[in-house]
Structures are given as structure tokens and as C-alpha cells.
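1. return atomic coordinates for the entry below.
(one chain, ligands or ions: 1)
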Amino acid sequence: MNSTTRHELLLILDFGGQYTQLIARRVRELHVFCEIMPFDTPLEKLTARNPKAIILSGGPASVYAAFAPVCDTAVFEVGVPVLGICYGAQLMARLLGGSVEHAPAGEFGKTTVKLDETSSLFRGLPAETSCWMSHTDRIGMVPPGFRTTASTPACPIAAMENPDRRQYGVQFHPEVVHTSVGRDILQHFLFDAAGCSGDWTMSGFVDDAIQDIRSRVGHERALCALSGGVDSSVAATLVHRAIGDRLTCVFVDTGLLRAGEGDRVESVFHCRFDMPLVRMDASTRFFASLKGVTEPEKKRKAIGAAFIDCFAEQARAMQGIPFLVQGTLYPDVIESGSSVASTIKSHHNVGGLPADLSFSLIEPLRLLFKDEVRDLGRALGLPEELVDRQPFPGPGLGIRILGEVTPENVDILQRADAIVERVMRASGWYMKVWQSFAVLPGIRTVGVKGDERTYAHTIALRVVESSDGMTADWVRLPADVLEEISHAITSELPEVNRVVYDITSKPPSTIEWE
Ligand code: XMP
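-> Just a heads-up that it's a prediction; the model follows:
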């Protein structure tokens, strides 16, 4: 038994919808634990989990397409409530004897929908409301036993239900915030139709996870590569709560971190949380391995290899530790298509440990989304400035310095980066964006400071919004915030006389410059 099987569970069958993870987050926000499973998960595997309800997600296919994803029809015979969303609703209509057709006009974005208030899903909601639509097919005929419960001019069957069998379909997306009554609809489904009580809370998660980790680790010891980022910090704190000083954290100070990072990590984890922490100052080793390296991929490989060497050295020095703590999150688990715990010789954050180091993984965050990890960090008492941190790449400032990475260049970039963070936080923009940072492109230009000609560095400012780092757009920061950053950098850093703003999206650029 693990911490999740003690809770009510909702299963989401994923048909490849762009909002599937959003459905899961919305359900969990209502304190019902849920997991996403592939659409073709065998029925026995689904029923073995004893779900309180099932949601069929949206998806890009047409239910009539030759290789359209289809779930086991017996899902509708299990006796638990089923909610189909968009493609999920169309599939429900088709599999249960209704029909789906290509709509003469698709609906995309906010759409006014008429709701039938006598439906238990729409109880107490306005008769007309704004919902988020994204479809080209529509339900043409409801299956026997169903009735229509919502409509738009272009989609006469925008929702349907068979209340006796507790089966519901909605063409629109209740999980998207633009569906103003989306939360109410999910609430009605979870609590009225499925009879959930909402037993999933962060404090409950902490208690259960601690119990699980204790029973897994027994009297053994565990090791954690602490980077100072949110995920490894939260994972380490949770495991430390469970097994105390039998957890040792290794923090490799690469010399390529943000200004003051090493001391910050030491003061939070060693001083405040009293965790056994090995702080390894490896900056000399990293700079040596980067000497003369200018090609971005070679730089990344050199940094990665130096990191592995350091971590492996520490791990060998502490022989006989069988467990390695890793901050894997749920989106990685979903993407890798497996929710089964694994034993490895290497892992992606510590990237390929030598064969003689074989650990069993402890991944206490593997069922959590990033915002839940942040909540967990707060529940564990981690300081806010650590919990709300923007992502920071493993190779650190090494991939934000174009050309050779030297201690002098890192020093300039650290000071510029600290100014960017300071102004972004003070202006309230830090938490609104995915990442905001400085880049040292290695360009010198002519300028004038105090009537003197200067020939100094340029700093590039990169501020992007993104939901997952896969695509990104540059942020239209207000001119006064840009001006403040530019002014602070050029006046506080004698080595810099120019600041430029990167206005490219990803693609065609990437977020980092290398
Ligand atoms: P790119 O530059 O590929 O970055 O658009 C996408 C996101 O990934 C982060 N990033 C990394 N994170 N190790 C990491 O842990 C890496 O090697 C790495 N490279 C890029 C980047 O900061 C952005 O959030």
C-alpha cells in the first residue's frame, strides 16, 4: 500500500488532449486524488485501482478516424460515474450508440453555452454562461438513455447525460479557467455524482509519504544530490523528515551557480533544517574542465562529466548507501509513460552515474505537479524565496556565458543576474514569468561613462513566459521595469556599458542561449 491508495481515486484516461494535465490539477485542487493513465489501459488494471470515477480526456483525433484512440467499452459497465470531455464525450456518444459528425463550423475559444439547470452537473449555475470550446466534430445524436443538457447555436448537443447510469459528456472544457463555471461542474461530478468526500490534502500527503519512505528505507541510509532548486530541496526535506540524519545531501558547488547560492543552500539545509550536508567546492575543477571550451555542446558535456565525477566521488566515500533520492515530478512520469517505480544505475538529474554505483531510487514527488511541490515545500516550512524559485538549468551560468567560461566572466554575470532577480521581484514580475535572467554574450561595444570612452561588456536580458519550457514567448515587460534593470546593471557594474532585450520566442530560439 502506498500513500495514494489510502485515498479516494479518480482515473483520467488520456486520449492525447492538450489539457489532460490541467484536468488532473483541477481535480486535485478539489482535494480528490487522481492519476492519468493511457487511454488503452486494460480494464482489469483500471478496476484494480478501485476508482471512484473516471474522466475521459479530450484529444486531437476524430472518433471516426482509422486509428482513433478507443478505450475498452466495458469502462461504461464498471458502475462508476464517467465524465467525457470533448473527444471523451464524443467517444462516449459513439461507443454507447449515439453518433458524432463533422460540425459545419468548429468552435474555438470562449463560447456562450445554454445550460439545463435540471442537470445535476449544472445545478445552481446560470442558464447561460461562457465556456471554452476547441472542436471541429460534434455529437449528432445522443445514445439511448441520454438527454441533451447544454447547447450552442453551432453545437446543439454541447452536453449530454444519463443520470441513472451517472454518465456525462461535455463538449466544452471545464478544466480551462475561461470556462467560468468549470470548477462548479467538476465539483458536482466529483461530490454529487461520484460521492467523493475530498480526502486529498497536503498535510495528509506529508504524513502518508513519511510513512512510505520509512517503510521503504527501513534502517538503511539515503543520499540526495541537492541542487538548491525547488524539486531536490522539497524531496530532500521530506525524506529528512522521514529518516532524519540517515539522509545525507551532497551539494556540488560548481562555481557556475547564482550569486550566494552555495551559502544560501548551506544556511537553509545545514543550519536551519540541521540536515547532514556535504558541500563540495568544486569550482576549480569545473573551471579547469571548461578551459578553452567554447562550443556549447562540448561545454555542456564538460560540465555534466565534472558533475558526475564529483557526485560519484562523494558517493564512493560514503560507501554502502543503497538509496538515492530524486525529485522526479509527475509530468516526467506521465511523459515516460510509466508509473512503475524503477531501480537504476544512473538518473537523469545526476545524468549517468558509473556502473559501480547502483542505487534504488526514492522519488517522493513522482505523483505531484510543480505547483503541488511548491505547496508541499511551504507545508514543510521551506523559505518562500526557495519555494517560488524559477527553473535554473543544471549547467548553470556556464550556458549563459558565450565563449569561454572563466571565473571573471561568471563574476560579472552573477552580479548582473542578481540585479535582474532583485528588480523582477521588487516590481512583482518575478512570479508572473517562467524565467528571467541575464546572459553574457561576450560582445564588447563602445560607450561613454562620465565623459570617458568605454569599451565594455553587453548584457542580454532574457524574460520568457511558458507553461512547460517546451515553447516560450518573450515577455512584454513594462518599459519602466526594463529601464530600471538597464540602469541598475550599467550603473552598478563597471564592466558593462550596454543592455539589450531578447525579443525572440521559442521556437525559433531556445530559452537558454546555449
Ligand atoms: P531551452 O534552452 O532548451 O530550455 O529552451 C528549456 C528549459 O530547460 C531549462 N534547461 C535545462 N535544465 N538542465 C536542466 O536542468 C539542462 O541542461 C537544461 N538546459 C535548459 C531551461 O532553463 C528552460 O527552463
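
2. quick one: residues contacting whichever residue of the stretch 201-350 of the chain sits closest to the ligand.
-> Nearest to the ligand in the stretch 201-350 of the chain, going by C-beta to the nearest ligand atom, is residue 300, at a distance of 6.3 Å. Quick note: C-beta positions are derived from backbone N, CA and C, even for glycine. When contacts are counted by C-beta atoms under 8 Å, 6 or more residues apart in numbering, residue 300 touches 395, 398-399, 514.

3. quick one: average confidence on the helix or strand containing residue 311?
-> Assigned by DSSP states H and E, residue 311 belongs to helix 296-317. The average pLDDT within helix 296-317 is 93.

4. ok, then the element right after that helix?
-> strand 323-325.

5. right, and the helix or strand after that following strand?
-> Past strand 323-325, the next helix or strand by DSSP H and E is helix 330-335.

6. check whether that following helix contacts the ligand.
-> No: Helix 330-335 lies apart from the ligand when judged by C-beta under 6 Å from any ligand atom; the minimum separation is 11.4 Å.

7. what does that helix contact?
-> The contact list for helix 330-335, computed with C-beta under 8 Å, 6+ apart, reads 14, 21, 24, 36, 339, 365-370, 468.

8. from the chain's centroid, how far away is that helix?
-> 9 Å (C-alpha atoms, centre = their mean, to the nearest Å).

9. can you list the buried residues in that helix?
-> 330, 333-334 (16 or more other C-beta atoms under 10 Å).

10. swap in stretch 31-49?
-> 31-37, 39, 41, 46.

11. and for stretch 472-479?
-> Buried positions in stretch 472-479, judged by neighbour count with 16+ other C-beta under 10 Å: 472, 474-475, 477.

12. now do the spatially most central residue of the chain, the pLDDT please.
-> With distances taken as C-alpha atoms, centre = their mean, residue 370 lies nearest the centre of the chain, 4.2 Å away. If you check residue 370, the pLDDT there is 90.

13. got it, and residue 35?
-> The model reports residue 35 with a pLDDT of 94.

14. can you give me how far the host helix or strand of residue 232 is from the chain middle?
-> Using DSSP H and E, residue 232 maps to helix 230-243. Put simply, helix 230-243 sits 18 Å off its chain's centre (C-alpha atoms, centre = their mean).

15. try stretch 270-280
-> 27 Å.

16. which residues are contacting it?
-> 226, 236-237, 240, 245, 247-253, 262, 265-266, 269, 310, 314.

17. ok, 6 Å please
-> 240, 245, 248-252, 266, 269, 310, 314 (C-beta atoms under 6 Å, 6 or more residues apart in numbering).

18. first-to-last residue distance for it?
-> Taking C-alpha to C-alpha, to the nearest Å, stretch 270-280 runs 13 Å from one end to the other.

19. that stretch - what's its average pLDDT?
-> Stretch 270-280 shows a mean pLDDT of 95.

20. any buried residues in that stretch, and which?
-> By neighbour count with 16+ other C-beta under 10 Å, stretch 270-280 contains the buried residues 270, 273, 275-277, 279-280.

21. re the thing from before, show me what the helix holding residue 232 is packed against.
-> Contact partners of helix 230-243 among helices and strands, from 3 or more C-beta pairs under 6 Å, 6 or more residues apart in numbering; DSSP states H and E: helix 202-217, strand 247-253, helix 370-379.

22. so, low pLDDT: which residues of the stretch 201-350 of the chain?
-> Within the stretch 201-350 of the chain, the stretches with pLDDT under 70 are 335-350.

23. now with 50, please.
-> Scanning the stretch 201-350 of the chain with the threshold set as pLDDT under 50 gives 338-348.

24. need the contact list for residue 286.
-> 254-255, 306.

25. okay if I get those residues as a markdown table plus neighbour count and distance to residue 142?
-> Rendered in a markdown table, the data for the contacts of residue 286 read as follows (neighbours: other C-beta atoms under 10 Å; distance: C-beta to C-beta, whole Å):
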| residue | neighbour count | distance to residue 142 |
| --- | --- | --- |
| 254 | 27 | 61 |
| 255 | 22 | 65 |
| 306 | 21 | 63 |
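
26. which one of the residues you listed is nearest to residue 102?
-> Distance to residue 102 across the contacts of residue 286 (C-beta to C-beta) is lowest for residue 254, with 55.6 Å.

27. need the contact list for the closest one.
-> Shown in contact with residue 254 (C-beta under 6 Å, 6+ apart): 286, 396.

28. redo that, cut-off 7 Å
-> Residues near residue 254 by C-beta atoms under 7 Å, 6 or more residues apart in numbering: 282-283, 286, 307, 396.

29. which residues of the stretch 301-450 of the chain lie near the ligand?
-> Neighbours of the ligand within the stretch 301-450 of the chain, by C-beta under 6 Å from any ligand atom: 391, 393-395, 435.

30. output these in CSV, with secondary structure and neighbour count appended to each entry.
-> What follows is these, written out as CSV (DSSP: H, G, I helix; E, B strand; the rest coil; neighbours: other C-beta atoms under 10 Å):
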residue, secondary structure, neighbour count
391, coil, 13
393, coil, 19
394, coil, 18
395, coil, 22
435, strand, 20
